[in-house]
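[1] Here is the input, now give the coordinates:
(2 chains)
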Amino acid sequence: MEPLESYWYVTTSDFFYVLVTQNNSNTELMKVKEVTQSSHYVGVPLELKFFPMSPHLIQIYFKAGLEFNFRVKTKTDVVFSNDDMSIYKNKIADLVRNPGNFCAVANGAAGLRIGRPYKINFSLEGNLPVVFITQETTGVVNPLSGVGFQCNLYIPLKKVNQNLKN
Amino acid sequence: MKYLLLLPITIMILASCSKGNELQKSVYVRDSKNPELPAYSEWGYNTFGAYYDRQPFVSNDYEVPAKLIVADGSTSFFLTGQIGPYYNYSDANMTVTFILRNFAPNLYNQLILLNDSVIDLKNPLIEVKINIENTESEVKILNGKLEFKHARNLIVDTKPVGVILSGYFEFQAVVDTKPVTMSDGRFDVGVLRDNFYVMDEVD
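    Prediction:
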């Protein structure tokens, strides 16, 4: 398979050309307005949190984390310039690479926890940076790093012995 | 374990709403080995380039890079661009024409007959013309070839719209008593209704 970039021929109109096939006698293009690919993952996080101050209702913390994600489902949608071409949707979708089945992400974060430890609490954290450890993470683009934010609602399922509290 | 909805990716390439025929425009991809020339391609990028002695002869954005005119049982393959050391508007206009006698397609899709053909420019059925700044020179070919490596139907949304001609050319010639060499020539041009002419139909 040739590099993905070869399949896209960008124009100044509201569509771009996608090379569907090229053989010895034909070059076949299709006018496409939009390609959307969505992937769903189930992830396992592994986190180390550091609370620099003694427990308070509102508390700052720092975090180093790893996240192991397993792809469950990928869906690719295509919007053609000519609606009659929609029967060829699978042809275009097949050209878009599927992401790898596994992706791992490392991140550092700083956050704010609201609530008491081991009780229902809420936290908001900014992830900087988020580094993709695995390559070929996604089908269309290959991200290397990024930033993000995360909201967490912590609901303890089991009452914790008072002696374990900090 | 937690559930993640990760990585929704949307490609949206939305720009201005020009309704011109995009397939007639040029896509210039620089050749890494010969940076003054476009890279060889077979995508219908509407570019060509060669060295005329040491000067680059290349297509540009304001001249139609290729035209094919069928007249009197011959096909003239025009490559029009500019010659000069700089890729700018002050460079001189230049056209090289390859005239193929005994080849007269009625429709552009018949150009695929040229697929995988190498034409010896010394063949008496072939004539080469060079025009620089509207001055045509007398050309005597010493040796050379015009190679149509691929001639492919161009199909858009399942309908044929033209033919993509891609290949190479080179020759040595005496041009107005001066020996010159055209080297490293390459072309990748789309031939559509707009740049294919059958002059016999006019008569």
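[2] hey, let's count contacts and neighbours off CA atoms from now on
    OK.
[3] Might you list the low-confidence residue ranges for chain B?
    Confidence mapping of chain B against pLDDT under 70 gives the ranges B:1-21, B:85-89, B:200-203.
[4] So what are the sheet partners of whatever helix or strand residue A:72 lives in and their directions?
    Using DSSP states H and E, residue A:72 sits within strand A:58-80. Strand pairing for strand A:58-80, using DSSP bridges, gives strand A:26-50 (antiparallel), strand A:102-114 (antiparallel).
[5] Just put these in TSV and tack on mean pLDDT and mean neighbour count.
    Compiled in TSV, the strands paired with strand A:58-80 are given as follows (pLDDT from 0 to 100; neighbours: other Cα atoms under 10 Å in any protein chain shown):
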stretch	mean pLDDT	mean neighbour count
strand A:26-50	91	18
strand A:102-114	91	19
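[6] any idea how far residue B:167 is from residue B:91?
    Residue B:91 is 25 Å from residue B:167, where distance means Cα to Cα, to the nearest Å.
[7] again with residue A:102
    Using Cα to Cα, one gets 43 Å for the distance from residue A:102 to residue B:167.
[8] and if you look at residue B:190?
    12 Å.
[9] Just want to know which of those two has more residues nearby.
    The residue with more neighbours, out of residue B:190 and residue B:167 and counting by other Cα atoms under 10 Å in any protein chain shown, is residue B:190; that gives 31 against 23.
[10] Tell me which strands the host helix or strand of the more buried one pairs with, and in which orientation.
    Using DSSP H and E, residue B:190 sits within strand B:178-191. The sheet places strand B:178-191 alongside strand B:47-52 (antiparallel), strand B:159-175 (antiparallel), with pairing taken from DSSP bridges.
[11] can you list the residues that contact it?
    When contacts are taken as Cα atoms under 8 Å, 6 or more residues apart in numbering or on different chains, the neighbours of strand B:178-191 outside the stretch itself are B:23-24, B:40-53, B:65-68, B:108, B:162-174.
[12] Buried residues of that strand, list them for me.
    Going by neighbour count (16 or more other Cα atoms under 10 Å in any protein chain shown), the buried part of strand B:178-191 is B:180, B:181, B:182, B:183, B:184, B:185, B:186, B:187, B:188, B:189, B:190, B:191.
[13] give me the low-pLDDT residue ranges for chain A?
    A:1-13, A:136-141, A:160-166.
[14] now the farthest one out in it, which residue is it?
    Computed with Cα atoms, centre = their mean, the residue of chain A farthest from its C-alpha average is residue A:25, at 40.1 Å.
[15] and the gap between that residue and chain B?
    5 Å (Cα to the nearest Cα, to the nearest Å).
[16] Now that residue. Nearest residue, chain neighbours left out?
    Closest residue to residue A:25 in three dimensions, ignoring its sequence neighbours and counting by Cα to Cα, 6 or more residues apart in numbering or on different chains: residue B:152, at 4.6 Å.
[17] Against which helices or strands is the host helix or strand of that neighbour packed?
    Assigned by DSSP H and E, residue B:152 falls within strand B:139-156. Other helices and strands packing on strand B:139-156, by 3 or more Cα pairs under 8 Å, 6 or more residues apart in numbering or on different chains; DSSP states H and E, are strand A:26-50, strand B:117-120, strand B:126-132, strand B:159-175.
[18] Just put these in TSV and tack on distance to residue A:153.
    Conversion of these to TSV gives the following (distance: least, Cα to Cα, whole Å):
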stretch	distance to residue A:153
strand A:26-50	15
strand B:117-120	70
strand B:126-132	75
strand B:159-175	55
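[19] which one of these lies closest to residue A:127?
    Ranking the helices and strands packed on strand B:139-156 by proximity to residue A:127 (Cα to Cα) places strand A:26-50 first, at 12.4 Å.
[20] what angle separates that closest one from strand B:139-156?
    60 degrees (axes from the mean of the first three to the mean of the last three Cα atoms, to 10 degrees).
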